[in-house]
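Colleague: I would like to see how this sequence folds:
(chains A, B, C and D)
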There are 2 protein chains.
Amino acid sequence: MLNTPVTSKQPHSVPTIKDVAKAAGCSTATVSRALATPEKVSDATRKRVNQAIAQVGYSPNIAARNLRRAESKTIVALLPDISNPFFSEIISGMEDVAHQAGYQILIGDCEHDPARAEAYFRLLSTNQADGIVLLTSEIPRALVKQADKQADFPLVMACEFFSDIDLPLIAIDNHQASAQAIDYLVSLGHQRIATLSGPAHNPICQERNRGYRDTLAAHQLSNEARIAEGNFGFRSGYQQGLALLEGKTPRPTAIFCHSDEMAVGVLKAARQLGISVPDQLSVVGFDNIGLSEYCDPELTTISQPRNEIGQQAMQLLLHLLRGEQPIRHQTLSSHLIVRKSTGRLKP
Amino acid sequence: MLNTPVTSKQPHSVPTIKDVAKAAGCSTATVSRALATPEKVSDATRKRVNQAIAQVGYSPNIAARNLRRAESKTIVALLPDISNPFFSEIISGMEDVAHQAGYQILIGDCEHDPARAEAYFRLLSTNQADGIVLLTSEIPRALVKQADKQADFPLVMACEFFSDIDLPLIAIDNHQASAQAIDYLVSLGHQRIATLSGPAHNPICQERNRGYRDTLAAHQLSNEARIAEGNFGFRSGYQQGLALLEGKTPRPTAIFCHSDEMAVGVLKAARQLGISVPDQLSVVGFDNIGLSEYCDPELTTISQPRNEIGQQAMQLLLHLLRGEQPIRHQTLSSHLIVRKSTGRLKP
DNA sequence: CGCTAAAATGTAAATGTTTACATTCAAATT
DNA sequence: AATTTGAATGTAAACATTTACATTTTAGCG
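Modeller: Have a look, this model is predicted:
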């Protein structure tokens, strides 16, 4: 009779910690310790255990571990729309530190559907997730309110926030970023500066619009304020761009957009109307996505430190999970990147 | 003493199936059955159980369920790079049918790092995932080979594939799609048609390049074949575009790109060199991402039914998981969308 | 060498489900 | 009325870990 390399009785049965224990000549407890807290096990046994693990081809059953430890090592990243490229680098940043700490990221695409968001929140109570990073304010407020009540509900926000609910937050100063863009446009000589905002109910857009208004006021341009509303996407940029540029009211000479996609939409609208950018119209975007260097003209835009936002948000959440009392609010700095879509008017 | 609404002894302890059983006056088995197989339980008890569930605020502990059932209801979607917008709609399609069937999707971003891919494959053996949809061929071949050996390893591919390993696959006919693009360019009168390919070792690119060569040959243009290699991104499109357009060899009059991002990169290169598109150069992209309608000029491109690819891939995987013998290969149809970046030469 | 403390290991309970098997009960059949 | 059947329910084992507690071993020290 030949010796089979694997010594399990049942053919095809997945090796468990018991098999390892048997092979290493110790108890399952020791194997478990050798894995979780190697320093509590003698060098000799640790070595034997590791050999045994390799020999039988063991990998721990995570469901059992999760059950026993009452955790899942999974973090949900809740976003409004997975197709928005703005989020991918944030996710990358989150993954970096999450993996480092032995956590997984589950990407939750809400698709603007409240039921989806609710389903993802429910993962917490069923032990399928340990925490949530919330990257959208477009979810049922009830969910958040409830979470906020529990003292240490593992929830942090990144980029977006709620104006009336104070949650741990990693974000840039949207008011200031907006002000910087407007200041810059004014410095180029622009007076009729319009804003193409994201959804009006979105707090970050409200922030940016306050920054816009405040800065216009500071330059005595308040009565030039004009805000159009889009949804961050190409199409709404194009449509609202057309509306802004072909209306009967005196045409704006600059448009500040709350996303790069909308800015590119505005570029298309301007092209279609024979308005040259930047000679007759300046356009500023927001986010500095990859595209902004490759559109025509290259886009002046506000850059957010996306990777860092993701990293810090995850750090913050991990602190929360460890029961620590971290700094609940971090403001990261954005900066204006000047490219070719802005300039002085050339009549 | 006041009655608390929740009748648990331990404060804050999460209610389990036992609490429900107690409240409903039945055994845990019955509660479990009422949830999993309601038809095996009398109407009266089912009602009592549901009331009890609502009353104690029970939701099942999924880790325990997964342990007992030896499944995770989680599917891994493995992709090369999450920031490529091409994938987001495929993911959406996958999620639609996955959620329908009670499965979750875990997005695995490999970032071209073999270790990452391996980690995601390992989820299968640790019971953290039930199956994999593989959207990249850029992973260690050993992993796939090994999976292929096991008769019913729950793995399907979508879009991408391996030339030498026969796995279940949902994809378009890349050879034909490529041929269609080239035929169209030839019909416009182009003779010097270059291809800006994705990575040369990528089977779908090889397929497309075969389609390119075969079609040139069919038109007696074989000696005009010229293939540059990029990596699907904007930057490589721009760089290779410059190289193709400013070289000493006679300049191509059309460039067929393996991605829209690269095509937009080529547009930038052409702009920079003062080559007008489409009058002096035609450009064709691939994938029809959102951007292609908003760049200048709007991009002629090949559209893949991304949502459907995602749905079908998930369907296929679900069949596999149910132990059925599904059709292992499905070819979906792509089509050419003609916009403004292609035309006859105007000298 | 005997004693104590610390380190290493083992035993067994606990985690929350599901499900095979056993039991009960009511209705249907003789 | 006795028997059979099938449905409804209950009992308890099983899933693969972790860990509190108990026990054994080792080292240290006078």
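Colleague: In whichever strand or helix holds A:Ala117, which residues are buried?
Modeller: Applying DSSP states H and E as the criterion places A:Ala117 in helix A:114-125. Of the residues in helix A:114-125, A:Arg116, A:Ala117, A:Tyr120, A:Phe121, A:Leu123, A:Leu124 count as buried by neighbour count, 16 or more other Cβ atoms under 10 Å in any protein chain shown. C-beta coordinates here come from the backbone N, C-alpha and C atoms, glycine included.
Colleague: what's the answer for stretch A:34-46, then?
Modeller: Buried residues in stretch A:34-46, counted by 16+ other Cβ under 10 Å: A:Ala34, A:Leu35, A:Val41, A:Thr45, A:Arg46.
Colleague: Equivalent analysis for stretch A:197-207, please.
Modeller: Those would be A:Ser197, A:Gly198, A:Pro199, A:Asn202, A:Ile204, A:Cys205, A:Gln206, A:Glu207, for stretch A:197-207 by 16+ other Cβ under 10 Å.
Colleague: try stretch A:223-238
Modeller: Residues A:224, A:226-238 are the ones in stretch A:223-238 that count as buried (16+ other Cβ under 10 Å).
Colleague: May I see those residues organised as JSON lines, with distance to B:Gln220 added?
Modeller: Below are the buried residues of stretch A:223-238 laid out as JSON lines (distance: Cβ to Cβ, whole Å):
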{"residue": "A:Glu224", "distance to B:Gln220": "63"}
{"residue": "A:Arg226", "distance to B:Gln220": "59"}
{"residue": "A:Ile227", "distance to B:Gln220": "59"}
{"residue": "A:Ala228", "distance to B:Gln220": "54"}
{"residue": "A:Glu229", "distance to B:Gln220": "56"}
{"residue": "A:Gly230", "distance to B:Gln220": "51"}
{"residue": "A:Asn231", "distance to B:Gln220": "50"}
{"residue": "A:Phe232", "distance to B:Gln220": "49"}
{"residue": "A:Gly233", "distance to B:Gln220": "45"}
{"residue": "A:Phe234", "distance to B:Gln220": "41"}
{"residue": "A:Arg235", "distance to B:Gln220": "43"}
{"residue": "A:Ser236", "distance to B:Gln220": "48"}
{"residue": "A:Gly237", "distance to B:Gln220": "45"}
{"residue": "A:Tyr238", "distance to B:Gln220": "43"}
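Colleague: Among those residues, name the ones in strands.
Modeller: Among the buried residues of stretch A:223-238, DSSP state E puts A:Arg226, A:Ile227, A:Ala228, A:Glu229 in strands.
Colleague: what's the pLDDT at the first one?
Modeller: As predicted, A:Arg226 sits at a pLDDT of 95.
Colleague: and the closest residue to it other than its chain neighbours, what element?
Modeller: Once flanking residues are discounted, A:Arg226 sits nearest to A:Ala194: 4.4 Å by Cβ to Cβ, 6 or more residues apart in numbering or on different chains. Taking DSSP H and E as the definition, A:Ala194 sits inside strand A:193-197.
Colleague: one step back: possible to save the buried residues of helix A:114-125 as TSV with distance to A:Val14 and pLDDT?
Modeller: Formatted as TSV, those follow (distance: Cβ to Cβ, whole Å; pLDDT from 0 to 100):
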residue	distance to A:Val14	pLDDT
A:Arg116	34	91
A:Ala117	36	93
A:Tyr120	30	93
A:Phe121	33	92
A:Leu123	26	91
A:Leu124	29	88
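Colleague: Adding distance to DNA strand D as columns, could you present those in a markdown table?
Modeller: Output for the buried residues of helix A:114-125, formatted as a markdown table (distance: Cβ to the nearest atom of the strand, whole Å):
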| residue | distance to DNA strand D |
| --- | --- |
| A:Arg116 | 30 |
| A:Ala117 | 31 |
| A:Tyr120 | 26 |
| A:Phe121 | 26 |
| A:Leu123 | 21 |
| A:Leu124 | 20 |
